[in-house]
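Engineer: Need the 3D shape of this:
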Amino acid sequence: MTDFKLSAQLVGHNADVRHVCFPAPDLILSAARDCTVRAWKRTSNSPPTFESTVATEGTEFYNSLTYIAPSSDYPDGLVVSAGSDTIIDVRKPSSGSKDNAERLLIGHARNVCALAVIPGCQYLVSGSWDKTARIWNLGKWDVEAILGGHEEAVWDVLPLDKNTIVTASADKNIRIFDLRSAVAGEIQPKSTIYASDVVRALCQVPAGHTSGADFASASNDGVIRLWKLNGQQVGELRGHESFIYSLSALPSGELVSSGEDRTVRVWRGSDCVQTITHPAISVWSVSVCSESGDIVTGASDGVARVFSRSAERAASPDTLAHFDESVRSSSIPQQQVGGVNKEKLPGPDFLKSKSGTKEGQVQMIKEENGSVTAHQWSMGQQQWINVGTVVDAVGSSGRKVEYNGQSYDYVFDVAIEEGQPSLKLPYNLSENPYTRAQKFIDDNELSQNFLDQVAQFIITNTQGATIGQDSGGGPDPYGTESRYQQGSNTSAPNNKVLPQREYLDITAAKYDPIFKKIFSINSGLEAAGRKDYSLNPPAQEMLVTVKQRLEANQPVSDEASVNLVVKMCTQWDYPDRLAPLDLLRCIATSSGAAKFKSSDSGSLAQIAISAALEGVLSGSQPNEHHVMMAARTVANLFRSSEGRKLLAQPAEGLAVVSFIDRVLDIGGQSAIGPFNRNLQIALTTVMVNFAVLASRELGKVPTSVQIRLLTALAWILQKQTEGEVVFRALVAAGTLITVIGKYAPEARSMSSSISASKDRASEPRVKQMADECLSLLR
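Structural biologist: Prediction:
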């Protein structure tokens with residue numbers, strides 16, 4: 001069988017292409033870290049050319065894609081994409097970036113990294129960093145079931161048939177689920193296969209494969225493993241030299257994989273029969289067109305590339321030559337290939353006199369000018385192919401390292417978290433380590449808590465470059481809430497935090513999507529003739545003014561504007577309230593909003609709570625995202641003196657703690673969003689703010705409210721493990737202990753919960769905060 005050759009290069013993205021999908025010979029989809037999804041349509045056949053349109057454009061990275069086959073309702077099919085904003089976007093391939101999505105599926109709490117359509121096209125399955133996979137009913141466009149049992153991120157999902165789903169997780173386990181075994185909307189795994197490393201990718205093995213395997217998995221150890229559904233491992237495919245990110249099956253029965261070693265590899269049986277090196281650091285994704293057998297890849301250089309075995313679909317000679325030259329001129333950091341002793345390397349004559357022993361074998365050659373080049377053996381071509389020049393990664397040598405088209409003194413591989421791949425950290429000695437660390441955090445969607453750790457890594461590994469001033473923090477990794485920061489250094493072991501003295505808020509917002517969604521819902525109400533609920537032209541103009549004030553960072557205090565937002569929150573159908581509730585929490589910071597009171601619904605806090613909990617269908621749970629927005633609204637009320645005055649009232653305080661009890665399942669009803677990180681952070685932020693109010697203005701918060709808050713905090717500390725949630729809960733608990741006194745029975749009873757949270761914690765700052773709380777009880 002002939003080798004794959006480059007067919008086309010799809011240039012349009014300006015950042016890593018993280019996922020590709022090849023549903024038909026004339027359609028390719030690509031999702032990238034430039035916050036866009038592109039649809040590429042073939043415009044000529046020989047050589048193939050493609051033109052793209054931006055189908056989706058957001059403000060967060062897109063990491064996953066799939067395609068729903070054409071139907072009578074959608075004759076062109078549907079593009080499904082998702083990423084770090086946690087929302088699954090469903091739209092037509094012909095859509096433009098300014099068009100509304102057909103559907104937005106909301107449920108995940110963290111980055112959505114895997115999507116797949118279940119055979120029959122009635123259901124969709126998604127995997128997320130929130131440690132869950134979800135089944136979505138494509139008829140109802142809602143969650144059908146949650147696949148539980150995962151202890152870390154769900155990296156990939158694989159529907160084997162309409163009833164069987166396989167998931168791959170960072171907890172080093174493969175889980176197999178039977179969709180017919182759902183109980184109360186949750187499905188536990190039917191069986192679990194224990195792997196030796198983080199599992200990143202899955203694919204179904206074609207029938208007739210020599211191994212007899214049902215599916216394949218790929219891991220961070222660079223090994224592809226072949227499995228039967230009963231858990232028996234029936235084969236291993238070895239050849240990759242680093243993380244494997246993607247797997248797919250060819251119509252020929254072969255498998256194809258891509259990874260961090262810059263390569264795509266084709267596997268026939270147990271043998272690697274072709275290695276395609278890319279002029280990039282990572283090949284994030286590979287997808288197969290089942291009709292043509294061609295493949296498309298997405299890489300860290302921002303280019304998607306099509307490869308074909310058909311001579312008719314080969315790229316032009318100039319394009320092929322340019323690709324080969326790009327690979328030859330690639331710079332390979334020395335740390336990527338390990339220790340290289342130049343003096344013992346063979347010269348160029350080796351390439352003429354010696355053949356390789358296997359596909360993809362790499363040989364280092366010392367060139368006549370003293371440089372070191374890497375050459376890869378091609379079994380198909382029976383020759384060595386130059387795949388780049390090895391460069392030093394040591395700044396003091398005076399040599400630069402190329403990364404993403406720029407030169408740096410250093411390019412480090414940084415392993416931030418267990419179960420996740422190493423990330424590239426470029427650095428020049430002229431830079432402030434904290435500034436570069438902040439950019440690294442922002443680029444890779446990491447927690448702000450890593451700032452000091454990354455900066456110290458840079459300083460340590462560059463022999464003490466001058467330290468600049470702390471950049472003062474930055475956005476949290478998902479753009480959804482403010483990270484807790486006390487002063488300038490919360491992690492210093494000798495920096496006492498308790499009692500917390502500053503109120504926290506959650507005000508970061510993307511106004512365009514909020515208002516776009518509101519106007520879209522309003523258009524639907526108008527089309528349905530529901531004039532009592534739709535916004536008339538003056539109201540729409542008022543809404544535009546509200547947006548302008550928010551964008552100008554001005555308070556929205558007039559009663560008419562607040563009343564308009566309240567109307568949408570309370571009178572619109574329950575499924576349509578999320579965007580209005582999001583807007584409500586944005587305006588809740590103003591004193592005018594805090595003073596607002598409805599004769600029907602009460603204060604702004606009561607309005608937010610009732611809008612989130614009331615109006616759901618009989619037998620259904622309140623939507624956890626509605627509830628999260630209600631909690632954020634209450635947290636933001638503490639921003640103004642009028643809001644604090646409101647929440648100090650006994651009736652208001654008791655209403656809020658009853659809301660917290662309802663969400664946490666203190667009292668017998670099912671918990672709402674127990675694994676929704678953003679919801680739990682919103683709740684603990686409310687509790688921190690009540691504790692601050694009790695500490696700063698003694699006697700303002702009724703003792704009954706303080707005691708119920710401590711009960712809820714003990715509940716959280718016993719059940720939650722997410723670092724930021726536990727940290728905020730400890731800050732709230734510790735601050736309340738300083739108010740009620742260490743000898744109060746309610747304070748003494750917190751000791752076991754605080755100790756339990758410390759024992760489970762992995763973050764030093766959480767352990768330190770637990771120790772500080774415990775010291776208050778001694």
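
Engineer: Which secondary structure element of this protein has the lowest mean pLDDT?
Structural biologist: Every helix and strand in the chain was compared by mean pLDDT, DSSP states H and E; the lowest is helix 334-337, with a mean of 54.

Engineer: Can you name the element that comes right after that helix?
Structural biologist: The C-terminal neighbour of helix 334-337 among helices and strands, as given by DSSP states H and E, is helix 349-353.

Engineer: and that next one, what does it pack onto?
Structural biologist: strand 362-366 (3 or more Cβ pairs under 8 Å, 6 or more residues apart in numbering; DSSP states H and E). Placement of C-beta: from N, CA and C, glycine included.

Engineer: Lys742: neighbouring residues, count only.
Structural biologist: 14 (other Cβ atoms under 10 Å).

Engineer: thinking it is in contact with Arg748, fair?
Structural biologist: Yes: under the criterion of Cβ atoms under 8 Å, Lys742 makes contact with Arg748 at 7.4 Å.

Engineer: quick one, phi psi at Glu254?
Structural biologist: phi -80, psi 170 (degrees, to the nearest 10).

Engineer: about what we covered before: now for Lys742 and Arg748: what residues contact both?
Structural biologist: Here Lys742 and Arg748 have Leu777 as joint contacts, going by Cβ atoms under 8 Å, 6 or more residues apart in numbering.

Engineer: what about the stretch 51-200 of the chain, any weak spots by pLDDT?
Structural biologist: Within the stretch 51-200 of the chain, no range satisfies pLDDT under 70.

Engineer: longest helix of the protein?
Structural biologist: helix 677-696 (DSSP state H).

Engineer: which element follows that one toward the C-terminus?
Structural biologist: Downstream of helix 677-696, the next assigned helix or strand under DSSP H and E is helix 703-719.

Engineer: Can you give me the buried ones in that next one?
Structural biologist: By neighbour count with 16 or more other Cβ atoms under 10 Å, helix 703-719 contains the buried residues 705-717, 719.

Engineer: Phi, psi for the nearest residue to Pro279 once chain neighbours are set aside please.
Structural biologist: Residue nearest to Pro279 in three dimensions, not counting chain neighbours: Ser326, with 3.8 Å by Cβ to Cβ, 6 or more residues apart in numbering. Phi and psi for Ser326, reported as degrees, to the nearest 10, are phi -60, psi -40.

Engineer: Could you list the buried residues of stretch 163-177?
Structural biologist: Buried, per 16+ other Cβ under 10 Å, within stretch 163-177: 164-177.

Engineer: In helices, which of these fall?
Structural biologist: Among the buried residues of stretch 163-177, no member lies in helices (by DSSP H).

Engineer: returning to what we had before: any idea how far the residue nearest to Pro279 lies from Ser300?
Structural biologist: Ser326 is 13 Å from Ser300, where distance means Cβ to Cβ, to the nearest Å.

Engineer: Val705 now?
Structural biologist: 52 Å.

Engineer: what sits against the residue lying closest to Gln720 once chain neighbours are set aside?
Structural biologist: The spatial neighbour of Gln720 that comes closest, neighbours along the chain excluded (Cβ to Cβ, 6+ apart), is Val726 at 5.6 Å. Contacts were defined as Cβ under 8 Å, 6+ apart; by that measure Val726 touches 716-717, 720, 757, 761, 766.

Engineer: and what of Pro23?
Structural biologist: 29, 67, 69, 77, 289.

Engineer: let's see it at 7 Å
Structural biologist: Shown in contact with Pro23 (Cβ atoms under 7 Å, 6 or more residues apart in numbering): 67, 77.

Engineer: The helix or strand where it lies pairs with which strands?
Structural biologist: Using DSSP H and E, Pro23 maps to strand 17-24. Paired neighbours of strand 17-24 in the sheet (DSSP bridges): strand 27-32 (antiparallel).

Engineer: ok, then the element right after the strand it pairs with?
Structural biologist: Counting by DSSP H and E, what follows strand 27-32 is strand 36-45.

Engineer: Next, the angle from that following strand to strand 17-24.
Structural biologist: 40 degrees (axes from the mean of the first three to the mean of the last three Cα atoms, to 10 degrees).

Engineer: Following strand 36-45 in sequence, what is the next regular element?
Structural biologist: Counting by DSSP H and E, what follows strand 36-45 is strand 48-57.

Engineer: Quick check: buried residues in that next one?
Structural biologist: So, applying 16+ other Cβ under 10 Å, buried residues of strand 48-57: 48-50, 52, 54-56.

Engineer: Stretch 770-778 too?
Structural biologist: Buried, per 16+ other Cβ under 10 Å, within stretch 770-778: 770, 772-774, 776.

Engineer: now, which of those lie within strands?
Structural biologist: Within those, no residue falls in strands by DSSP state E.

Engineer: Helices - which of the residues you listed land there?
Structural biologist: 770, 772-774, 776.

Engineer: Including pLDDT and distance to Ala207, could those go into a markdown table?
Structural biologist: Output for those, formatted as a markdown table (pLDDT from 0 to 100; distance: Cβ to Cβ, whole Å):
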| residue | pLDDT | distance to Ala207 |
| --- | --- | --- |
| Ala770 | 94 | 54 |
| Glu772 | 93 | 60 |
| Cys773 | 94 | 59 |
| Leu774 | 94 | 60 |
| Leu776 | 91 | 65 |
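
Engineer: before we move on, back to that, now name the helix or strand holding the residue nearest to Gln720.
Structural biologist: Assigned by DSSP H and E, Val726 falls in helix 723-740.
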